[in-house]
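K.L.:
Next one to model:
(chains A, B, C and D)
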There are 2 protein chains.
Amino acid sequence: MAKFRLDEVDHQILDMLIDNTRTPFTDIAKKLLISAGTVHVRVKKMEEAGIIRGSSLTLDYVKLGYAFIAYVGIFLEKTHQTKFVIERLNEIPNITVAHVTTGKFNIFCKVRAKDTKHAKDIIFRIDDIDGVARTETMISLEESINDKKRLMHSIFNEM
Amino acid sequence: MAKFRLDEVDHQILDMLIDNTRTPFTDIAKKLLISAGTVHVRVKKMEEAGIIRGSSLTLDYVKLGYAFIAYVGIFLEKTHQTKFVIERLNEIPNITVAHVTTGKFNIFCKVRAKDTKHAKDIIFRIDDIDGVARTETMISLEESINDKKRLMHSIFNEM
DNA sequence: GGTGAAAGCACCGAGTT
DNA sequence: AACTCGGTGCTTTCACC
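P.N.:
Numbering: from 1, shown residues only, chains lettered A, B, ... in the order given. Prediction:
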């Protein structure tokens, strides 16, 4: 994993691709006054360096029938088996995010489900994992912010 | 917002594009035994229907110098001004996610920062917002799971 | 709503500066 | 490292089914 330094041109390329991964390289080239070949080489280098890990669609989960979001804080038994619990959580596709944390909880995860009934099943499944003492659920009433693009734009324009 | 019904072919298309938004439509066509033109039309319809909201790069935040993640629970004053607080949070690009929640906290958000010092500045900024009574921070020691693709694949293969 | 072909471009590697 | 250029292959449209 070699040290990799992004310059202004790299930032601008990422800044455009973040909003639309299918932006033609020729468009980027035109805007940055470089050749499309250069854009191509730069993107490939960033992929090889692992800066760009992949791409993904942003879908409307509500329209797909997955309107329910909850955050679940997990308290582990004294005899911590964090790794084991994480592995079990990993088997549940409805858990989209999990962190080992300091503070109130030992583990903290995000659950996406169709509805409350569906969510209940998932949370019970978490409660049943060996080593989980108890859980505390926070139900999302509204996803007010969900936007990593703002952060990216600010990163690329501050440096 | 018209009712929109996805069929098996749509699911398969999304299933492939989720892993790589630049998957050539000709590849998808070959695999699904349909024409590239059809893939094109289907994707366009899903975009118009709002199922596909956009596309985004998955970047390595750590390599970009943003290794710090924390979740911050926000307690509001009795005289709730949720909307106002959300608007203020929206002005901080380092807040990538925020939810209005039931349970322990009134609002719950995710913070991405360079390091602890940087995070402190952001959390102080949250504390300073009018209407915020106090906050409770959970620092991520490890991002053990971060994968919405698993959920998507399970959605597209269960139906 | 799907097809297949054709035109227009984009991608991407090779060779050059 | 970046540019130009050309072959290859992708996208997108359109007439037809």
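K.L.:
ok, A:Phe26 - how many residues close by?
P.N.:
Just so we're on the same page, residue A:26 is Thr rather than Phe. A:Thr26 has 11 neighbouring residues, counting by other CB atoms under 10 Å in any protein chain shown. C-betas here are computed from N, CA, C, even on glycine.
K.L.:
Can you tell me the element it falls in?
P.N.:
helix A:25-32 (DSSP states H and E).
K.L.:
Mind giving me the packing neighbours of that helix?
P.N.:
With contacts taken as 3 or more CB pairs under 8 Å, 6 or more residues apart in numbering or on different chains; DSSP states H and E, helix A:25-32 sits against helix A:8-19, helix A:36-48.
K.L.:
Please produce JSON lines containing those helices, extended by distance to DNA strand D and mean pLDDT.
P.N.:
Formatted as JSON lines, the helices and strands packed on helix A:25-32 follow (distance: least, CB to the nearest atom of the strand, whole Å; pLDDT from 0 to 100):
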{"stretch": "helix A:8-19", "distance to DNA strand D": "6", "mean pLDDT": "96"}
{"stretch": "helix A:36-48", "distance to DNA strand D": "3", "mean pLDDT": "96"}
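K.L.:
Just name the most buried of these.
P.N.:
Across those, averaging neighbours per residue (mean count of other CB atoms under 10 Å in any protein chain shown) puts helix A:8-19 on top, at a mean of 18.
K.L.:
right, is that one up against DNA strand C?
P.N.:
No - shown here: helix A:8-19 not in contact with DNA strand C (CB under 7 Å from any atom of the strand), separated by at least 10.1 Å.
K.L.:
roughly how far out does that helix sit from the chain middle?
P.N.:
Distance of helix A:8-19 from the chain centroid (CA atoms, centre = their mean, to the nearest Å) equals 19 Å.
K.L.:
Same check on stretch A:117-129?
P.N.:
22 Å.
K.L.:
Can you give me the buried ones in it?
P.N.:
Residues of stretch A:117-129 classed as buried by neighbour count (16 or more other CB atoms under 10 Å in any protein chain shown): A:His118, A:Ala119, A:Ile122, A:Ile123, A:Arg125, A:Ile126, A:Ile129.
K.L.:
Which residue is the nearest non-sequential neighbour of the first one?
P.N.:
In this case it means A:His118. Closest residue to A:His118 apart from its sequence neighbours, by CB to CB, 6 or more residues apart in numbering or on different chains: A:Phe68 at 6.8 Å.
K.L.:
Which parts of chain A are strands?
P.N.:
Assigned by DSSP state E, the strands in chain A fall at A:52-59, A:68-76, A:95-101, A:107-113, A:132-146.
K.L.:
Out of those, flag the one nearest B:Ile95.
P.N.:
For the strands of chain A, proximity to B:Ile95 was assessed by CB to CB; strand A:132-146 is nearest, at 6.2 Å.
K.L.:
partner strands of the closest one, parallel or antiparallel?
P.N.:
Paired neighbours of strand A:132-146 in the sheet (DSSP bridges): strand A:68-76 (antiparallel), strand B:95-101 (antiparallel).
K.L.:
Get me the contact residues on chain A for DNA strand D.
P.N.:
So far as CB under 7 Å from any atom of the strand goes, chain A lies against DNA strand D at A:Val9, A:Ile34, A:Ser35, A:Ala36, A:Gly37, A:Thr38, A:Val41, A:Arg42.
K.L.:
could those be laid out in JSON lines, adding distance to chain B?
P.N.:
Output for the residues of chain A next to DNA strand D, formatted as JSON lines (distance: CB to the nearest CB, whole Å):
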{"residue": "A:Val9", "distance to chain B": "16"}
{"residue": "A:Ile34", "distance to chain B": "19"}
{"residue": "A:Ser35", "distance to chain B": "20"}
{"residue": "A:Ala36", "distance to chain B": "15"}
{"residue": "A:Gly37", "distance to chain B": "17"}
{"residue": "A:Thr38", "distance to chain B": "18"}
{"residue": "A:Val41", "distance to chain B": "16"}
{"residue": "A:Arg42", "distance to chain B": "13"}
